[in-house]
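**Student:** this is a predicted model, with the sequence first.
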Amino acid sequence: MSATLGTKLHTFFYGQFVGRDAFGNRYFESKHPRKGERKRRWVIYNGVPEASKVPAIWHGWLHYTLDAPLGESKQYSWIKTHLPNLTGTTGRYLPSGHISNGGARAPAAADYEPWEPK
């Protein structure tokens with residue numbers, strides 16, 4: 001579910017399309033802001049609504065840090081590609097030794113060794 005019926009209607013009547021990110025999220029701002037107010041900005045998510053799906057270049061625009069969204073073509077070599085929070089999904093991080101990842105890990109120096117009397 002990407003948006004409720006109310007959000008879709010509000011977007012149709014009052015929203016102006018601004019752009020789309022690599023994940024398919026669509027960004028809008030109000031066509032006609034009220035007098036003395038700045039334009040409202042919102043996102044309609046592609047798929048499950050999850051705030052971590054918004055890349056940094058659009059996050060700045062949504063929160064009025066940037067006047068215009070940065071072009072996605074303006075990528076520096078030090079910028080990593082955006083990944084949403086995958087906690088609770090099948091794409092989550094599982095360290096070696098995790099029970100869902102086989103449960104076996106390499107022995108470590110800090111492993112417990114019980115005391116045995118001689």
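**Tutor:** In hand now; what should we look at?
**Student:** quick check: which element contains Trp42?
**Tutor:** Taking DSSP states H and E as the criterion, Trp42 maps to strand 41-44.
**Student:** elements contacting the following helix or strand past that strand?
**Tutor:** Tracing the chain past strand 41-44, the next element assigned as helix or strand by DSSP H and E is helix 56-62. Under the contact definition 3 or more CB pairs under 8 Å, 6 or more residues apart in numbering; DSSP states H and E, helix 56-62 sits against strand 26-30, strand 41-44. Where C-beta positions appear, they are placed from N, C-alpha and C, glycine not excepted.
**Student:** make it 10 Å
**Tutor:** strand 15-20, strand 26-30, strand 41-44 (3 or more CB pairs under 10 Å, 6 or more residues apart in numbering; DSSP states H and E).
**Student:** can I get the helix or strand of the chain at the bottom of the mean pLDDT ranking in CSV? Just the C-alpha atoms.
**Tutor:** Least confident helix or strand of the chain, by mean pLDDT, DSSP states H and E, is helix 56-62 with a mean of 88. Output of helix 56-62 as CSV, limited to C-alpha atoms (Å, rounded to 0.1, in the frame of the first residue of the first chain):
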residue,chain,number,x,y,z
ALA,A,56,19.7,11.9,1.5
ILE,A,57,19.4,14.1,-1.6
TRP,A,58,15.5,14.1,-1.2
HIS,A,59,15.6,14.2,2.6
GLY,A,60,17.2,17.7,2.5
TRP,A,61,14.5,18.9,0.1
LEU,A,62,11.6,17.5,2.1
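**Student:** could you list the buried residues of that helix?
**Tutor:** 57-62 (16 or more other CB atoms under 10 Å).
**Student:** from the chain's centroid, how far away is it?
**Tutor:** 11 Å (CA atoms, centre = their mean, to the nearest Å).
**Student:** angles on the backbone of His32, please.
**Tutor:** Per-residue torsions, His32: phi -130, psi 90 (degrees, to the nearest 10).
**Student:** tell me the contacts of the closest residue to it other than its chain neighbours?
**Tutor:** Among residues not flanking His32 along the chain, Tyr14 sits closest, at 7.4 Å (CB to CB, 6 or more residues apart in numbering). Tyr14 is in contact with 28-33, 40, counting by CB atoms under 10 Å, 6 or more residues apart in numbering.
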